[in-house]
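**Q** 3D, please:
(one chain, ligands or ions: 1)
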Amino acid sequence: MKVSGFTIVRNAVRFDYPVKEAILSILPLCDEFVVAVGNSDDDTFGLINSIGSGKIKIIRTVWDDTVRDGGRTFALETDKAFKAVSPDADWAFYIQADEVIHEKYHGAIRTAMVVDTDVHQGNGTAAIFGDDASVFTLSIHQENNYPMPKPPSDEDIGLADGTRDQEYLDALEKGLLRSLKKMTPDLIFYVGGADPYREDQLGGLALTFEGLQKRDRLVFEHARRRGIPVASTLAGGYARRVADTVRIHVNTIVAARDVALQAL
Ligand SMILES: [Zn+2]
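**A** Predicted coordinates:
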């Protein structure tokens, strides 16, 4: 996996921006680091150069001060730096010239688990992280559905058509426990699809609203018990009634709140 970092800066010496500290705080995680140095009246270039790392890639830019309204100048400069990131980079960290990452969070950024409960297998994350031992991918899905073929996740749970709540929840919990035995991640990305719902038009599983919310709670509770933070995202949902899809997604948020408020 290739990790890039990037930032923009101008007149860092004059305005006393701790840009060198900012870059050094994330540099151990990066394979390369792009710094877009804007036209400066001081030796910002020399300051960045003094980091003395082969990972640093400096590009020189000229800030367009006529578009300062709404921060457009910063947006344009950010784009320039981002474009200079190597095209084969898998991740890109943007750190501002006055931000730092505490080293105690380096681990949290290094190992993650993706728990994908969309009815369709998580082929994207499976393919992207196939060779990456720092990211564990778990997908529970309908076996007889898109995509075909399925690139292997670290843990794939392919379910039969028409699988109902209890069978689904048992399979998910077993898979989750198996996965957490293999890796204790510092962060879990939870992809909570609404499409395992029994009335979904693209899905062939048979979960109810209650079953789906139990699913959410199951993932959140296992994470909470182990002190693993969870980032939850929406995923597919194609219920005949749009309100049903919305309800399932809202239920995920409610489950997250409930579990967060539970006494440990
Ligand atoms: Zn889907």
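**Q** tell me where this protein has helices.
**A** 19-26, 44-49, 72-83, 106-110, 123-128, 165-182, 209-225, 242-261 (DSSP state H).
**Q** wait, which of the ones you listed is closest to T117?
**A** With CB to CB as the criterion, T117 lies closest to helix 209-225 of these, at 6.0 Å. C-beta: built from backbone N, CA, C; applies to glycine.
**Q** check which helices and strands the closest one sits against.
**A** helix 165-182, strand 188-192, strand 230-234, helix 242-261 (3 or more CB pairs under 8 Å, 6 or more residues apart in numbering; DSSP states H and E).
**Q** of those, which is nearest the ion?
**A** Smallest distance to the ion across the helices and strands packed on helix 209-225 (CB to the ion): 9.3 Å, for strand 188-192.
**Q** is the ion within reach of the closest one?
**A** No - between strand 188-192 and the ion, judged by CB under 5 Å from the ion, nothing touches; the nearest distance is 9.3 Å.
**Q** same deal with stretch 226-240?
**A** Yes - for stretch 226-240 and the ion, the contact criterion (CB under 5 Å from the ion) is met by G236.
**Q** next, the buried residues of that stretch.
**A** Residues of stretch 226-240 classed as buried: I228, V230, S232, A235, G236, G237, Y238, A239 (neighbour count, 16 or more other CB atoms under 10 Å).
**Q** average pLDDT for it, rounded please.
**A** Stretch 226-240 carries an average pLDDT of 93.
**Q** now swap in stretch 102-121 and tell me
**A** Averaged across stretch 102-121, pLDDT comes to 85.
**Q** what is the end-to-end distance of it?
**A** End-to-end span of stretch 102-121 (CA to CA, to the nearest Å): 35 Å.
**Q** and for stretch 18-38?
**A** One end of stretch 18-38 sits 16 Å from the other (CA to CA).
**Q** quick one: mean pLDDT for that stretch?
**A** 96.
**Q** go on, stretch 159-168?
**A** The average pLDDT within stretch 159-168 is 98.
**Q** and the contacts of it?
**A** 140-144, 171, 196, 204-208, 210-211, 214-215 (CB atoms under 8 Å, 6 or more residues apart in numbering).
**Q** quick check, distance from that stretch to the centre of its chain.
**A** Here the centre of mass of C-alpha atoms in stretch 159-168, compared against the chain's by CA atoms, centre = their mean, to the nearest Å, lies 28 Å away.
**Q** now for the residue nearest to P18 when sequence neighbours are not counted: which residues touch it?
**A** In space, not counting the residues next to it along the chain, P18 is nearest to D98; the distance is 6.1 Å by CB to CB, 6 or more residues apart in numbering. Residues in contact with D98, defined by CB under 8 Å, 6+ apart, are Y17, P18, V19, A22.
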